[in-house]
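**Student:** Take this sequence and fold it.
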Amino acid sequence: MGRFSNTVVLVTGAASGIGEATARRFGREGASLVLADKNAEGLRRVADSLEAAVHIETADLSNADQCRHVIEAAAARFGRLDVLINNAGKDHLGRVDEGDIADFSTVIETDLYGVFYMTRFALPHLRMSRGCIVNVSSVSGLGGDWNHSFYCAAKGAVTNFTRAVALDEARNGVRVNAVNPSLVYTPFTAGMQDQPDLVAKFEERIPMGRGAQPDDIAFLASADAHFVTGVNLPVDGGLSASNGQPALS
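**Tutor:** Model prediction:
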């Protein structure tokens, strides 16, 4: 507790789910917070419930100008930026030949362009603070999923973007990593959670027998990980430890 005192943390997609849990975790440990999301009401609810210095920005993270404004507002409010959590994301269910072609652009613009924009505009500040970036990617960025080709394309790009930026920024003192969750019980997966048989299939495949809670994802920004960069870390209850063959008992 308190290990993020005197630290300014920016969390995107902070109005619910993993972003909200991440904000709460940092707030409990002393950080000053900048929270960004399209959901103004959700942002206000989260901010009002935190015992921390909080600045909120309602923004569409697929828009470059709005991303730039969020970073500038963070620097203006707190005078520095130490940690960027790129969490805002959008899913799409369907085969590559289904739905509107514009749906692909929407997913890519939110899940990939948003990470790029926020990273680009944050780097000058993170270089000064020798800070870090944690991208919230997905196991869908490490392997393919049925009926999720748009999402897999975006998260796969985030996976390698994380590695490349980590290489470029290591000598500038900026660490860049990603967490890659599987099933997480959040509003993002609410549609799935309304299908008990589907959730049961997920939980059967996960060795720990359950999906993650949002708070399970909120880590890697600590100074304890000072020599960790360029990592895409599965946070999946052991799912990726399997080669795909069925359990024998």
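**Student:** Which stretches in this protein count as strands?
**Tutor:** Secondary structure of the chain (DSSP state E): strands located at 8-12, 32-37, 54-58, 83-86, 132-136, 175-181, 232-235.
**Student:** Run through who's touching the second one.
**Tutor:** Contacts made with strand 32-37 from outside it, assessed by C-beta atoms under 8 Å, 6 or more residues apart in numbering, are listed as 7-16, 19, 23, 26-27, 43, 46-47, 50, 52-59, 61, 70, 73-74, 77-78, 81, 88. Just so you know, the C-beta spots here come from the backbone N, C-alpha and C atoms, and that holds for glycine as well.
**Student:** gap between residue 64 and residue 142?
**Tutor:** Taking C-beta to C-beta, to the nearest Å as the measure, residue 64 falls 27 Å from residue 142.
**Student:** got it, and residue 229?
**Tutor:** If you measure residue 229 against residue 142 using C-beta to C-beta, the figure is 18 Å.
**Student:** ranges for the helices of this protein?
**Tutor:** Assigned by DSSP state H, the helices in the chain fall at 17-28, 40-48, 64-78, 101-108, 114-129, 149-169, 190-193, 196-205.
**Student:** Can you tell me which of those helices is most buried?
**Tutor:** Each of the helices of the chain was scored by mean neighbour count; the highest is helix 17-28, a mean of 24, by mean count of other C-beta atoms under 10 Å.
**Student:** quick revisit: let me have the helices of the chain in CSV, extended by distance to residue 2.
**Tutor:** As requested, the helices of the chain are arranged in CSV below (distance: least, C-beta to C-beta, whole Å):
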stretch, distance to residue 2
helix 17-28, 9
helix 40-48, 20
helix 64-78, 17
helix 101-108, 38
helix 114-129, 18
helix 149-169, 27
helix 190-193, 34
helix 196-205, 35
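**Student:** any idea which of those helices scores lowest on pLDDT?
**Tutor:** The stretch with the lowest mean pLDDT among the helices of the chain is helix 190-193, which comes in at a mean of 58.
**Student:** Out of the strands of the chain, which gets the lowest mean score?
**Tutor:** Note on the strands of the chain: lowest mean pLDDT is at strand 232-235, with a mean of 88.
**Student:** who does that one touch, helix- and strand-wise?
**Tutor:** Other elements packing on strand 232-235 under the criterion 3 or more C-beta pairs under 8 Å, 6 or more residues apart in numbering; DSSP states H and E are helix 149-169, strand 175-181.
**Student:** thinking again about what came up before, the strands of the chain into a markdown table, with extra columns for mean neighbour count and distance to residue 150?
**Tutor:** As requested, the strands of the chain are arranged in a markdown table below (neighbours: other C-beta atoms under 10 Å; distance: least, C-beta to C-beta, whole Å):
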| stretch | mean neighbour count | distance to residue 150 |
| --- | --- | --- |
| strand 8-12 | 29 | 20 |
| strand 32-37 | 27 | 21 |
| strand 54-58 | 20 | 25 |
| strand 83-86 | 28 | 18 |
| strand 132-136 | 27 | 17 |
| strand 175-181 | 25 | 17 |
| strand 232-235 | 20 | 20 |
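**Student:** got those as TSV, with distance to residue 112 columns?
**Tutor:** As requested, those are exported to TSV (distance: least, C-beta to C-beta, whole Å):
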stretch	distance to residue 112
strand 8-12	13
strand 32-37	17
strand 54-58	21
strand 83-86	10
strand 132-136	10
strand 175-181	12
strand 232-235	15
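**Student:** Out of the ones you listed, which is closest to residue 110?
**Tutor:** Between residue 110 and those, the tightest spacing by C-beta to C-beta is seen for strand 8-12, at 10.0 Å.
**Student:** Check which helices and strands the closest one sits against.
**Tutor:** If contacts are counted by 3+ C-beta pairs under 8 Å, 6+ apart, strand 8-12 sits against helix 17-28, strand 32-37, helix 64-78, strand 83-86, helix 114-129.
**Student:** neighbouring contacts of it?
**Tutor:** Residues from elsewhere that reach strand 8-12, judged by C-beta under 8 Å, 6+ apart: 19, 22-23, 26, 31-37, 61, 70-71, 74, 78-88, 114, 118, 122, 129, 221.
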